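Asks: mind folding the following:
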Amino acid sequence: MTLMPFGFIKDVTAKNSRIVAGLDVGSTRVCVVVGEVCPPKKSGTNGDGIAGRENHRGLRLIGMGYAPSRGIKKGVVINIEQTVESIKEAVRMAEEQTGVDIRTVTIGVTGSHIGYIPSQGVIAVKEKEIGRMDVEMVLDAARAVATPFDREVLHVIPTEFIVNGQGGITDPTGMAGIRLEAKVQIITGSASSIRNLVRCCEKAGLEALDVVFQPVAAAEAVLTRDEKDLGVALIDIGGGTTDIAFFHEGHMSHFSVLAVGGGNFTNDIAIGLRLPFQEAEQVKKGHGCTMLSMINSGEEMNIGCGEGKPARNIPRTHLVEILQPRAEELFGLIRDEITGRGFHNLLNAGVVLTGGAVLMQGMDVMAENILALPVRAGTASGIEGPPDIIGNPSCAAVAGLALREAEACFAELDGNGFFHGIKSKMIGWFK
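Replies: Next comes the predicted model:
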């Protein structure tokens, strides 16, 4: 893969900013969020110097484009041309809204093909004080594990560092020691699925800066440092799948992907009320509720019946009777995953819900009742932008994709220039 062009950057030196874009190619919707990178604010840290949720993190979202998803099923491309058209439509809308020429994106990926490999590496420290280069070297050593030819490495997430036999270390930089070990989780995905997604972007006229597992991106946007330390489950209910990521002691310790998502709710409505799928999606968004106890028994709603057919009024209870069993099934599966993996007693910060299905009335209450844990809806924090983006749980993952690239701009800044780190990261992608 060739190095990406940087023509989309507009007067970076003069404005001290650049444009980033996150692309979420979901099973029901393709979404593009565009942001402008600017220096993060240093004020507003808490007592230990860690920025709180309200601190500006160097990203200002300036617009969004979206389109119905065609050609994607449960996170996997099943039709290249249809997926390309959906991406083009979403990008075109984002460009018209922001006036920005989008040339590169950070892509989110999910699906049942995502897996992980535990690994560890060890090196000898030459200078007797551990530096950033030593940390990078030990992570490279941990990554040097044989992976199947049909798997692509997405992330190497450190779970623990060990210095001279002392474990439980989250950041060994600056410590004295002669032996450094790292335990990591290597997140991988199907090489063909990832390459098909990248190929769709290329056919749509875009270049992929990075491919990110969506719960990793969503966690960047919505979780606090305290939540990750105390123990929290991030549950991202997408259109085709539900991703569950467990965080404890500051890092992701496990994740699961369930083959149930918001699209199942829509499909139930389409069958139960005999509606076209797109009409059923609108009914879910406009009238969806998952608990009978939260609506009035005499409440009615007006729904269409497809093109050329008159609208009709039906009791809203009919809709809730369709949605409630599906929500109970979903949260039952999530509960079984939490308890089966032994995480229930470790989730001291509870559960954070993201994804479009979270917007249905009663989802958070039902989650609390079934999971027996505190629950909140996850929205992007520390980011400037329109409330309909940063305050929307369905935009958490795509906002996290843009945020991840924005923070990389500052983390990788060195003497070779603003974009040296980004250029080096792109080399070697799908050669």
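Asks: and stretch 303-321, C-alpha only, in CSV?
Replies: Taking Å, rounded to 0.1, in the frame of the first residue of the first chain, the C-alpha atoms of stretch 303-321 are listed here in CSV:
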residue,chain,number,x,y,z
ILE,A,303,-47.2,4.5,11.2
GLY,A,304,-47.0,4.1,7.5
CYS,A,305,-47.6,0.8,5.7
GLY,A,306,-45.3,1.2,2.8
GLU,A,307,-45.5,3.1,-0.5
GLY,A,308,-49.0,3.7,-1.8
LYS,A,309,-50.7,2.5,1.4
PRO,A,310,-52.5,4.8,3.9
ALA,A,311,-51.0,5.3,7.4
ARG,A,312,-52.7,3.8,10.4
ASN,A,313,-52.9,4.3,14.1
ILE,A,314,-52.0,1.4,16.4
PRO,A,315,-51.5,1.1,20.2
ARG,A,316,-47.9,1.7,21.2
THR,A,317,-48.2,-1.3,23.4
HIS,A,318,-48.1,-3.5,20.3
LEU,A,319,-44.6,-2.1,19.5
VAL,A,320,-43.3,-2.5,23.1
GLU,A,321,-44.6,-6.1,23.2
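Asks: now do that stretch: everything it contacts.
Replies: If you take CB atoms under 8 Å, 6 or more residues apart in numbering as the criterion, stretch 303-321 is touched by 269, 272-276, 279, 283, 287-292, 295-302. C-beta: built from backbone N, CA, C; applies to glycine.
Asks: can I have the buried ones of those residues as a PyMOL selection?
Replies: Those of the contacts of stretch 303-321 that count as buried under 16 or more other CB atoms under 10 Å are selected in PyMOL with:
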select buried, resi 269+273+275+279+283+287+288+289+290+291+295+301
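Asks: P215 and S119: what is the separation?
Replies: Separation of P215 from S119 (CB to CB, to the nearest Å) stands at 20 Å.
Asks: so for the two, which sits in the more crowded spot?
Replies: When P215 and S119 are compared for neighbours, P215 comes out ahead with 27 against 18, by other CB atoms under 10 Å.
Asks: what about the contacts of stretch 303-321, which are in helices?
Replies: 269, 272-273, 279, 283, 287 (DSSP state H).
Asks: dump those to CSV, plus distance to V257 and pLDDT.
Replies: Shown next, in CSV, are the ones in helices among the contacts of stretch 303-321 (distance: CB to CB, whole Å; pLDDT from 0 to 100):
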residue, distance to V257, pLDDT
I269, 24, 95
G272, 26, 93
L273, 29, 91
E279, 29, 90
V283, 27, 93
H287, 29, 93
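Asks: dump those to TSV, plus distance to N348.
Replies: TSV is the format used below for these (distance: CB to CB, whole Å):
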residue	distance to N348
I269	36
G272	39
L273	41
E279	43
V283	38
H287	36
